[in-house]
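Undergrad: Give me a 3D structure for the following:
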Amino acid sequence: MGNDGDVDVVLVTQLPPDSWFEGFAVRPNNHLVAARLDAPSIYDLDAENPDAEPQPLCELPGAASAINLVAVPGRQDEYSIITSDICDLAACRWQDFAVWHLKINPDGKAEATKKGEIKDIALPLGLCAVNEQYILVADSVKLCIQVLDVTTGQSEVLLADEESMKPKGEDAFFGINRICLAGGYLWYSNYGAGSIHRVPYELDGSNPRVPLKVTGPVELVADDLKHCDGFQVTPGGSAAYTLNSVDGNLMKTDVKSLQGAKAQSINVQERLVSPTCLELGTPGKGKQKIFVMCCGEIDVGWLDASDKLSWTEWSKIQVSSTVEVTVTTE
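TA: Numbers count the residues shown, from 1 in each chain. Down below sits the predicted model:
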């Protein structure tokens, strides 16, 4: 664990060997439920016990990757999961997405049900729940935030802003990658630009497929966050926490200092090994608890490749091929 000022940092390192995680949620029992990006597997983690072994909860049949998950509001120990049927971690390729529902029963047994194929989201990264039926999804290829119906897999674009969402800078691989709702704003981060943006919103019952609406312009909050990943904002919107996934830093952006100028960010903790995602825990003793997932050193395309295309560029390349496979058994 780590401590620095007004935060209590819990490092989540007790992961399966050679695994990669980009999403987890805090369970009611203060364990974590985590989606494994390089396999269709969901785990339970006792994050505050460094000696605890990761416990497999379930496999997702037919999927190759569990990309991310988010808790279902108002439901006890239930989650929406995004999967892909094609996964190549080293080459950074995910295709054919679907949404699943996960219920963890009081006896610890998990039930996973596939709810629908996702047809109109090109690369679902960050997730944020709106209510039991809808979640927000950051699409780093189409450069937008979409509203996804978790009961069907259908989606609608809520916000598209190319300038703030496109990949740029020396890390121009992913653009928009994480999102959250806090303090009356929809917030999102841009990995390549190292930036945080926000836009005001309000709940809206006039459109049955889009339960909220944007009520103002996009605002730049900060742009001093290199390799910006793993993003959460405190409930009142006073502070944002992000990860520098390459240099291994946990950063805090003081949004309270935002008065007509960009907010300032400070380094809260460093020397983390491949931190990928974070979640806010229950504050205690005047400190904000932060769970930080650290995946260690394995080969992943967006961190290791020197000649990589951005996801937006890659999506424009049309490849048509036929592969014939012969299986011989003896």
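Undergrad: Helix or strand: which one has the residue nearest the centre of the chain?
TA: Centroid check for the chain by CA atoms, centre = their mean gives residue 126 as the closest residue, at 3.5 Å. Following DSSP states H and E, the helix or strand that holds residue 126 is strand 124-129.
Undergrad: Can you give the distance of that strand from its chain's centre?
TA: Relative to the centre of its chain, strand 124-129 is centred 6 Å away, using CA atoms, centre = their mean, to the nearest Å.
Undergrad: who's in contact with residue 114?
TA: By CB atoms under 8 Å, 6 or more residues apart in numbering, the contact set of residue 114 is 60, 62, 98-100. All C-beta atoms are positioned from the backbone trio N, CA, C, and that covers glycine.
Undergrad: Pull out the buried residues from the strand or helix carrying it.
TA: Using DSSP H and E, residue 114 falls within strand 110-118. Residues of strand 110-118 classed as buried by neighbour count (16 or more other CB atoms under 10 Å): 110, 112, 114-116, 118.
Undergrad: The spatially closest residue to residue 279 that is not a sequence neighbour: neighbour count?
TA: Closest residue in space to residue 279, ignoring its immediate chain neighbours: residue 291 at 5.0 Å, by CB to CB, 6 or more residues apart in numbering. For residue 291, the neighbour count with other CB atoms under 10 Å is 23.
Undergrad: Tell me the confidence at residue 291?
TA: Residue-level confidence at residue 291 comes out at 97, pLDDT.
Undergrad: Identify the bridge partners of it.
TA: Note on residue 291: beta-bridge partners by DSSP bridges are residue 10, residue 279.
Undergrad: My guess is it contacts residue 276. True?
TA: No - using CB atoms under 8 Å, residue 291 is not in contact with residue 276; the gap is 11.7 Å.
Undergrad: sorry, back to before: can you give the strand pairings for the strand holding residue 114, parallel or anti for each?
TA: Paired strands of strand 110-118, defined by DSSP bridges, are strand 93-104 (antiparallel).
Undergrad: Just want the angle from the strand it pairs with to strand 124-129.
TA: Angle, strand 93-104 to strand 124-129, by axes from the mean of the first three to the mean of the last three CA atoms, to 10 degrees: 30 degrees.
Undergrad: In what element of secondary structure is the residue nearest to residue 220 when sequence neighbours are not counted found?
TA: Of all residues beyond its chain neighbours, the one nearest residue 220 is residue 197 (5.8 Å), with distances taken as CB to CB, 6+ apart. Using DSSP H and E, residue 197 sits within strand 195-203.
Undergrad: Can you name the secondary structure element that comes next after that strand?
TA: Strand 195-203 is succeeded, C-terminally, by strand 212-214 (DSSP H and E).
Undergrad: So for that following strand, what gets flagged as buried?
TA: Using 16+ other CB under 10 Å as the test for burial, strand 212-214 gives 212, 214.
Undergrad: So what touches it?
TA: With CB under 8 Å, 6+ apart as the test, strand 212-214 has contacts from 130, 147, 158-159, 186, 199-204, 207.
Undergrad: go again using 6 Å as the cut-off
TA: The contact list for strand 212-214 (CB atoms under 6 Å, 6 or more residues apart in numbering) reads 159, 199, 201, 203-204.
Undergrad: Repeat that for stretch 158-171.
TA: Residues outside stretch 158-171 that contact it (CB under 6 Å, 6+ apart): 143-145, 147, 173, 175-176, 192-193, 197, 214, 218, 227, 310, 312.
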